[in-house]
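> Structure for the following, please:
(2 chains)
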Amino acid sequence: MVVLSRRPAAWVAVVLAAAALLAVGSLRDGGPRTQQDRIEAITGRLACPTCAGESVRVSRAAAAESIRAEVARQVAAGTRSDDEIVGFVAARFGARVLLLPQSSGFDALAWVLPVVVAVLAVAGVVAAFVRWRTAPVAAVATRSRTPRRLATAAAVVLVASGTGLLVARQSGERLAGQSLTGGIEDSTASLLAQARASTFADPAAALALYAEVLALDPDQVEALTYRGWLVWLVARDAEDASLRDRAVAGVLADLERATVLDPAYPDAHCFLGIVRFRHAADAAGAKVALDDCATRNPPSEVRSFVDAIRIEVDAALDG
Amino acid sequence: MRIRALAATTALVVVGLLVVLALVEPPGDATGESPLLGAPAPAVESTTIDDADFSLERRKGSWVVLNFFNSTCVPCIAEHPALMAFAAREASRTDGAELYTIVNDDADDAVRDFFVRRGGDWPKVRDDDGTIAVAFGVARVPETWVIDPAGFVRLRVLGELGSGALEERLDELRAAWSS
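Residues are numbered from 1 along each chain as shown, chains lettered A, B, ... in the order given. This next block holds a predicted model:
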């Protein structure tokens, strides 16, 4: 340990400087960039999913052009960071579209292992030189140096691992926002899908989910429509007539508002027609809504019971 | 002794790495896996080649099948009879699935000609800038996706559909949905 013990401060300074430079590099801010800079940087990090060894930035394949267009759209929208956009694409096409190994998980080994091996190799060479120069002395006091050697080895491993992790953080792919849900639109879609799945199994839970969606977006047409429909399914059997009438007034308000907000949405017209006919005995009003429903191609779940009610409505009007 | 110890350590490290590599899940493409499976379907808004509006979230309440297609792709041509049989069966059911072709990197006229020659009257949805393909992570056609009536993605089939395969999988999904 002669060499190290002669200039310990110099060695410590070298290690600290290297660690500091890596830390600064991993946290640095690249400064403002144009949208085109961002598009090129992001597409340069993505591999064309249908070509061998080409990035999305340079590939002319159809899949690469689609991804480029999506990246440009998201950059123009300005709602996602570069890492989040890369994460969005990777979440759909898989990690195979990442040109760089990720900075976390199993991929991080690709960054950490070479650094660890390099640091250990340097440490081994240094140790060999020290041993070579101090061999006669070392032979006398090998036992007394064992704890010191173990401590030195542990320190070297720690430095190697830390350096490897810093390199991984600096150079590896970071995928912030890689999950499929993120942002108000995505969380709304998730809540709506959960609500639809529990409509019949757990109407109370579905109503709570629709209320949550409407708190985020009061004009969300599907939530307005299905909240109204579920409330009607519950209220129609209420024994208290005034309570039932108040509930149905709210239902009709929700459904009529939904048809105004999105006239093309069939379900709102269908349910409006049913409630008008069943509760208000308004066959003429029901027919208008049910005809609107039928011309808008309702989904099979709704169409299956609307068809039967249309026959009843026509019979009531004829009678 | 030192050389033996070094060799043993190296062997242990190599075996450990091999075990880790063996346990890591392979890429899901070959089995039709996707992070979207079990998640809400992406929002899709477009028009058909007949200029009708198409909104995927407005089709909730039906089983929806999206078939990504190109009129020059050989497996797309090969699977067309299977899709025709599927569409005919679903049209005869009250809870029949809705089938949509998603046009991938192709011209309206070419798609129209294809369906005039080979049959198939289901809607063909434009995806001119690849938004729908990227939203579903589709790199190559054909690919077929199934979405349940609540709007969750339930199935991804990579490549050519075999005869009766889609019907079989959809029946399994319907049974699970009803239970």
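
> shaky segments in chain B?
B:1-3, B:6, B:17, B:20-31 (pLDDT under 70).

> Please, where are all the strands along it?
B:45-47, B:53-55, B:64-69, B:98-103, B:124-125, B:143-147, B:153-158 (DSSP state E).

> Show me the one of these that comes nearest residue B:172.
Set against residue B:172 and scored by Cβ to Cβ, the strands of chain B come closest in strand B:153-158, at 9.1 Å. The way it works is simple: take the backbone N, C-alpha and C, and place the C-beta from them, glycine included.

> Can you give me the buried ones in the closest one?
The neighbour-count criterion (16 or more other Cβ atoms under 10 Å in any protein chain shown) identifies B:153-158 as the buried residues of strand B:153-158.

> Same check on stretch A:119-126?
For stretch A:119-126, the neighbour count (16+ other Cβ under 10 Å) marks A:119, A:123, A:126 as buried.

> which one of these sits closest to residue B:128?
For the buried residues of stretch A:119-126, the minimum distance to residue B:128 (Cβ to Cβ) is 52.3 Å, reached by residue A:119.

> In this structure the closest one contacts residue A:163, no?
Yes - counting by Cβ atoms under 8 Å, residue A:119 does reach residue A:163; the two are 6.0 Å apart.

> list the residues that contact both of the two?
Between them, residue A:119 and residue A:163 share no contacting residue under Cβ atoms under 8 Å, 6 or more residues apart in numbering or on different chains.

> secondary structure element for residue A:224?
Per DSSP states H and E, residue A:224 falls inside helix A:221-235.

> average model confidence for that helix?
Helix A:221-235 shows a mean pLDDT of 94.

> I'd like the distance from the next helix or strand after it to the chain centre, please.
Next helix or strand after helix A:221-235 toward the C-terminus (DSSP H and E): helix A:241-261. The chain centroid and the centroid of helix A:241-261 are separated by 36 Å under Cα atoms, centre = their mean, to the nearest Å.

> Identify the residues contacting helix A:241-261?
With contacts defined as Cβ under 8 Å, 6+ apart, helix A:241-261 is touched by A:219, A:221, A:224-225, A:227-229, A:231-232, A:234-236, A:238, A:265, A:268-269, A:271-272, A:275-276, A:279-280, A:289, A:292.

> are any of those residues buried, and which?
A:221, A:224-225, A:227-229, A:231-232, A:235, A:265, A:268-269, A:271-272, A:275-276, A:279, A:289, A:292.

> Let me know the helix or strand that whichever residue of the stretch 51-200 of chain A sits closest to chain B is in.
Closest to chain B within the stretch 51-200 of chain A is residue A:66: 2.3 Å, counting by Cβ to the nearest Cβ. Residue A:66 is located in helix A:62-77, with elements delineated by DSSP H and E.

> residues of that helix that come out buried?
The neighbour-count check on helix A:62-77 (16+ other Cβ under 10 Å) flags A:62-68, A:70-72, A:74-75 as buried.

> May I ask which two of those residues are separated the most?
Maximum pairwise distance among these (Cβ to Cβ): 20.4 Å, between A:62 and A:75.

> which residues sit in contact with residue B:100?
Taking Cβ under 8 Å, 6+ apart as the test, what residue B:100 contacts is B:54, B:64-67, B:122-125.

> looking at those, which has the most residues close by?
Highest neighbour count within these, by other Cβ atoms under 10 Å in any protein chain shown: residue B:67, with 27 neighbours.

> Tell me if the one helix or strand residue A:301 maps to is near chain B.
Per DSSP H and E: residue A:301 is located in helix A:300-318. Yes - Helix A:300-318 reaches chain B (Cβ under 8 Å from any Cβ of the partner chain) through A:300-302, A:304.

> Looking at those residues, state which has the most neighbours.
Neighbour counts for the residues of helix A:300-318 next to chain B (other Cβ under 10 Å) peak at residue A:302, which has 21 neighbours.

> ok, that one touching residue A:267?
Yes - using Cβ under 8 Å, residue A:302 and residue A:267 qualify as a contacting pair, with a distance of 5.5 Å.

> Check whether stretch B:60-69 comes near chain A.
Yes - contact between stretch B:60-69 and chain A, assessed by Cβ under 8 Å from any Cβ, occurs at B:60-63.

> Pick out whichever of those residues sits closest to chain A.
Checking the residues of stretch B:60-69 next to chain A against chain A with Cβ to the nearest Cβ, the nearest one is residue B:61 at 3.0 Å.

> Check the gap between that closest one and residue A:299 for me.
Distance, residue B:61 to residue A:299, by Cβ to Cβ, to the nearest Å: 3 Å.

> So those two - more neighbours on which side?
Neighbours per residue (other Cβ under 10 Å) separate residue B:61 from residue A:299, with residue B:61 holding more: 24 against 20.

> would you list the buried residues of strand B:153-158 in CSV and tack on distance to residue A:316?
As requested, the buried residues of strand B:153-158 are exported to CSV (distance: Cβ to Cβ, whole Å):
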residue, distance to residue A:316
B:153, 42
B:154, 40
B:155, 43
B:156, 47
B:157, 47
B:158, 52
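
> among these, which are in reach of chain A?
Among the buried residues of strand B:153-158, not one lies near chain A by Cβ under 8 Å from any Cβ.

> from the residues you listed, which single one is nearest chain A?
For those, the residue nearest chain A by Cβ to the nearest Cβ is residue B:153; the value is 9.6 Å.

> show me what contacts the closest residue to the closest one other than its chain neighbours?
Using Cβ to Cβ, 6 or more residues apart in numbering or on different chains and skipping residues adjacent in sequence, the residue nearest residue B:153 is residue B:36, 4.6 Å away. Residues near residue B:36 by Cβ under 8 Å, 6+ apart: A:92, A:180, B:42, B:136-137, B:153, B:156.

> from the residues you listed, which two are the most distant?
Most distant of these, by Cβ to Cβ, are A:180 and B:156, 13.8 Å apart.
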